[in-house]
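Colleague: missing the sequence, but the structure's below:
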């Protein structure tokens with residue numbers, strides 16, 4: 001079943017054009033010329049139920065605008081969005097009841113209440129019955145250990161504790177779709193581990209569909225099998241992470257340590273660095289395998305050690321953003 005379906009989605013804004021210089025500023029006092037800007041430009045994708053998807057792009061790419069249209073906060077200029085088969089514009093209340101949202105830099109917790117009192121407030125807002133509320137709190141405690149901080153005022157929570165609280169608040173009403181915007185921003189290693197563990201567990205236990213927007217490459221590598229990249233309002237890549245790496249960055253590096261400074265050249269590999277007796281070769285896996293390259297080298301000179309370096313997620317994103 002499709003949790004989210006986006007068809008030919010467009011969002012346009014009319015913004016005032018600002019002329020440069022003092023003369024331009026004076027002109028703008030009397031004449032305001034407006035230009036049409038497309039923040040989201042005819043995008044389409046579907047996300048099946050229970051999938052964890054990374055939805056990424058540079059600042060201003062259209063990520064937040066797209067998420068706001070999916071959640072019903074913004075109305076599309078054209079195109080269609082369905083969440084669990086419902087239109088967020090026409091059935092906003094029903095859609096919101098099945099959505100959870102967490103913003104890494106903004107909290108939905110009440111600053112002046114204890115954490116548990118904030119949860120009670122969310123319980124009344126979403127009209128969660130007592131049995132379901134207690135059951136969900138127990139599940140959240142098993143994953144995040146939330147009972148250990150539930151009596152602490154929100155203003156006294158650390159960033160990591162507050163993020164745990166926000167995740168619980170977002171899941172109390174058992175949403176089937178969860179939007180996470182930079183959930184690990186500013187957290188230390190332990191904090192990131194806890195949040196990533198939560199995302200994996202809530203997906204496994206409740207089959208929650210999760211859309212993750214992040215600049216943390218570790219989040220993507222740890223959590224997501226699928227990656228959607230948006231830039232300048234258009235989707236430029238959408239696919240399985242491993243397949244994107246194979247297609248976009250087919251080159252690998254073979255790092256060879258020789259016994260001395262004598263080394264071998266190969267017609268199917270480029271030497272990209274040489275430091276003493278350590279030489280790094282770049283090769284295309286479609287042309288030659290790492291094993292064959294190492295075998296060819298070893299037949300000419302004895303090798304002390306060798307390692308193969310795979311392309312990384314940041315290579316994929318860098319190449320995708322550059323348009324190559």
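Modeller: Yep, that arrived. Computed from a prediction, not measured in an experiment: that's the story for all the values here.
Colleague: enumerate the beta-bridge partners assigned to the residue most central in space within the chain.
Modeller: Residue closest to the mean C-alpha point of the chain, counted by C-alpha atoms, centre = their mean, is residue 213 at 3.1 Å. As for beta bridges, residue 213 partners with residue 181 under DSSP bridges.
Colleague: tell me the contacts of it?
Modeller: Contact analysis of residue 213 by C-beta atoms under 8 Å, 6 or more residues apart in numbering lists 54-56, 63-64, 67, 179-182. No exception for glycine: its C-beta is placed from N, CA and C like everyone else's.
Colleague: which pair in these spans the largest distance?
Modeller: For the contacts of residue 213, the farthest-apart pair by C-beta to C-beta is 54 and 64; their separation is 14.7 Å.
Colleague: who's more crowded, the two?
Modeller: The neighbour comparison of residue 54 against residue 64 (other C-beta atoms under 10 Å) goes to residue 54, with 24 against 18.
Colleague: that one: what secondary structure?
Modeller: Using DSSP: H, G, I helix; E, B strand; the rest coil, the structure places residue 54 in strand.
Colleague: look up the closest residue to residue 56, ignoring the ones flanking it.
Modeller: Computed as C-beta to C-beta, 6 or more residues apart in numbering, the closest residue to residue 56 that is not its neighbour in sequence is residue 229, at 5.8 Å.
Colleague: assign that neighbour to helix, strand or coil.
Modeller: Following three-state DSSP, residue 229 is assigned to strand.
Colleague: that one and residue 132: what is the separation?
Modeller: Distance, residue 229 to residue 132, using C-beta to C-beta, to the nearest Å: 37 Å.
Colleague: who has more neighbours, those two?
Modeller: Between residue 229 and residue 132, residue 229 has the larger neighbour count (other C-beta under 10 Å), namely 23 against 14.
Colleague: per-residue pLDDT, the more buried one?
Modeller: Looking at residue 229, its pLDDT reads 93.
Colleague: so where is the stretch 101-250 of the chain shaky, pLDDT-wise?
Modeller: Scanning the stretch 101-250 of the chain for pLDDT under 70 picks out 104-105.
Colleague: where do the strands of it begin and end?
Modeller: Taking DSSP state E, counting those that start in this stretch, the strands of the stretch 101-250 of the chain run over residues 177-181, 209-213, 226-231, 234-240.
Colleague: list the helices and strands the third one packs on?
Modeller: Using 3 or more C-beta pairs under 8 Å, 6 or more residues apart in numbering; DSSP states H and E as the contact criterion, the elements in contact with strand 226-231 are strand 52-56, strand 234-240, helix 241-248, helix 313-322.
Colleague: which residues are contacting the second one?
Modeller: I take that to be strand 234-240. Contact with strand 234-240 is made by 41-45, 62, 225-230, 244, 247-248, 316, 320, 323, as judged by C-beta under 8 Å, 6+ apart.
Colleague: centre of the chain to it, how far?
Modeller: When distances are taken as C-alpha atoms, centre = their mean, to the nearest Å, strand 234-240 is centred 13 Å away from the chain's centroid.
Colleague: list the buried ones in stretch 137-149?
Modeller: Within stretch 137-149, the residues that count as buried by 16 or more other C-beta atoms under 10 Å are 137, 139-140, 143-144, 146, 149.
Colleague: which of the residues you listed sits closest to residue 187?
Modeller: residue 144 (13.2 Å).
Colleague: mind listing what the closest one touches?
Modeller: 164, 167-168, 194, 198.
Colleague: for it, give its distance to residue 264.
Modeller: Using C-beta to C-beta, we find residue 144 at a distance of 53 Å from residue 264.
Colleague: one more: residue 93?
Modeller: Distance of residue 93 to residue 264, given as C-beta to C-beta: 69 Å.
Colleague: looking at those two, which is more packed in?
Modeller: Taking neighbours as other C-beta under 10 Å, residue 93 and residue 264 compare with residue 264 leading, 18 against 8.
Colleague: tell me the phi and psi of the more buried one?
Modeller: When quoted as degrees, to the nearest 10, the phi and psi of residue 264 stand at phi -120, psi 140.
Colleague: which non-adjacent residue is nearest residue 246?
Modeller: Take residue 246 and drop its neighbours on the chain: the residue closest to it by C-beta to C-beta, 6+ apart is residue 285, 7.9 Å away.
Colleague: hang on, isn't the one you found packed against residue 253?
Modeller: No - counting by C-beta atoms under 8 Å, residue 285 sits too far from residue 253 to count as a contact (10.9 Å).
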